[in-house]
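Trainee: Below are the sequence and a predicted model; questions follow.
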Amino acid sequence: MFNFYKNTKTDYEKALFAMYAGIRSIIGNKDFAETTGNMIKCRMFGAKNQAELELILNDKKVKSAYKQYTTDYHYKKMLKELVVRGFLMSEIGYNKRTYVSCKMDMKGLEDAIVEHIKHKSLNFKVKQLENSRLKAINSIKRRLNKSPS
């Protein structure tokens, strides 16, 4: 990172660093983050959402950079390069989402994604509710059998 900091940078390298800063702002202190390409592009240009990005893009220089570096080709190339250069440890695109991590390797991120998706699924929540309901029913039965009637 210091090597990157000390040397003069091309516009591409500046855009690469802006993407890294945007991704770091999404991840925060978490091990990984689930996001979208559009959100990464918003954060890359300092916006917290699409509406704010529209205001920022009123500047012609910013709009020119946005058009150049947010094409699908550049977006994917820059994400891969951030991993190769060691700024990100892993990045996986799955189901219209981008999962990124600065702490987990590919296998760790893969496992975290599976757990994350399982916990978000309606099936998982229904099973948790059924288990809670069964525990409550069993507890009621035990408590009624213990008390003298």
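Mentor: Great, that's in hand.

Trainee: give me the element G93 is part of.
Mentor: strand 90-94 (DSSP states H and E).

Trainee: Show me what counts as buried in that strand.
Mentor: In terms of neighbour count (16 or more other CB atoms under 10 Å), strand 90-94 has its buried residues at 90-91. The C-beta positions use only the backbone N, C-alpha and C, and glycine is treated the same way.

Trainee: Which of the residues in the longest helix belonging to the chain are classified as buried?
Mentor: Longest helix in the chain by number of residues, with DSSP state H as the criterion: helix 122-146. Of all the residues in helix 122-146, not one is buried under the rule 16+ other CB under 10 Å.

Trainee: Identify the residues contacting it?
Mentor: K118 (CB atoms under 8 Å, 6 or more residues apart in numbering).

Trainee: likewise stretch 53-67?
Mentor: Under CB under 8 Å, 6+ apart, the answer for stretch 53-67 is 11, 15, 41-42, 45-47.

Trainee: In TSV, list the residues you listed along with pLDDT, secondary structure and neighbour count.
Mentor: Listed next are those as TSV, based on pLDDT from 0 to 100; DSSP: H, G, I helix; E, B strand; the rest coil; neighbours: other CB atoms under 10 Å:
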residue	pLDDT	secondary structure	neighbour count
D11	88	helix	10
A15	92	helix	20
K41	94	helix	18
C42	94	helix	23
F45	94	coil	21
G46	92	coil	14
A47	92	coil	18
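
Trainee: Show me which of those is closest to F87.
Mentor: Set against F87, the nearest of these by CB to CB is A15 (13.0 Å).

Trainee: residue contacts, the closest residue to the closest one other than its chain neighbours?
Mentor: Closest residue to A15 apart from its sequence neighbours, by CB to CB, 6 or more residues apart in numbering: Y69 at 4.2 Å. Y69 makes contacts with 12, 15, 19, 44, 75, 78, as judged by CB under 8 Å, 6+ apart.

Trainee: Past the helix or strand where the third one lies, which element shows up next along the chain?
Mentor: So that's M19. Taking DSSP H and E as the criterion, M19 maps to helix 11-27. Next along the chain after helix 11-27, taking DSSP H and E as the criterion, comes strand 33-35.

Trainee: partners of that next one in the sheet?
Mentor: Using DSSP bridges, the strands paired with strand 33-35 in its sheet are strand 97-101 (antiparallel).
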